[in-house]
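Enquirer: next come a sequence and a model predicted from it.
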Amino acid sequence: MEVFKDIAKIQEVAAALSGKNKDFYDSFTDLGAKLKTLDEQWEGDDKQALITQINGDYKVYSEFYDIVNKFVAHLGLVVEKTGSVEKDNIARVNNRG
């Protein structure tokens with residue numbers, strides 16, 4: 001991966017200055033390790049497992065939002081019917097008087 005080559009070049013320069021800038025060198029060493037780990041997660045079976053997990057998570061969230069949307073739509077109908085019934089009740093009371 002091209003990023004690793006760039007980090008290696010920076011590490012060489014940082015190593016030359018490591019007596020004065022040890023923290024700088026260590027930070028790039030740490031960054032290189034993290035990027036390598038991340039890159040490895042996207043290779044082979046791990047990549048497929050991650051994609052499967054993301055797809056599974058998406059399905060769960062999708063189902064949840066479908067249920068929420070149906071519930072909100074149902075509430076809309078309930079409110080509409082309740083309003084209609086109340087209007088009818090008010091009209092009946094007014095017609096009695």
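Expert: Received it, and whenever you're ready, just let me know what you need. Numbering: from 1, shown residues only.
Enquirer: what helices or strands is the lengthiest helix in the chain leaning on?
Expert: Criterion DSSP state H: the longest helix present in the chain is helix 44-96. Using 3 or more Cβ pairs under 8 Å, 6 or more residues apart in numbering; DSSP states H and E, the elements in contact with helix 44-96 are helix 22-41. To be clear about C-beta, it is placed using only N, CA and C from the backbone, and glycine gets the same treatment.
Enquirer: what's the weakest-modelled helix or strand in the protein?
Expert: Ranking every helix and strand in the chain by mean pLDDT, DSSP states H and E puts helix 2-16 at the bottom, with a mean of 64.
Enquirer: show me the domain layout of this structure.
Expert: 1-41, 45-97 (automatic domain parsing).
Enquirer: in terms of mean pLDDT, which of those domains ranks lowest?
Expert: Lowest mean pLDDT within the domains of the chain: domain 1-41, at a mean of 65.
Enquirer: count the neighbours of K36 for me.
Expert: 14 (other Cβ atoms under 10 Å).
Enquirer: give me the distance between G32 and K47.
Expert: For G32, the distance to K47 equals 20 Å [Cβ to Cβ, to the nearest Å].
Enquirer: of these two, who's got more company?
Expert: Neighbour tally, G32 and K47, criterion other Cβ under 10 Å: the higher count belongs to G32, 17 against 12.
Enquirer: measure that one to A8 for me?
Expert: 8 Å.
Enquirer: next one: T82
Expert: With Cβ to Cβ as the criterion, T82 and A8 are 69 Å apart.
Enquirer: with K34 instead?
Expert: Distance from K34 to A8, by Cβ to Cβ: 15 Å.
Enquirer: repeat that for V60.
Expert: For V60, the distance to A8 equals 41 Å [Cβ to Cβ].
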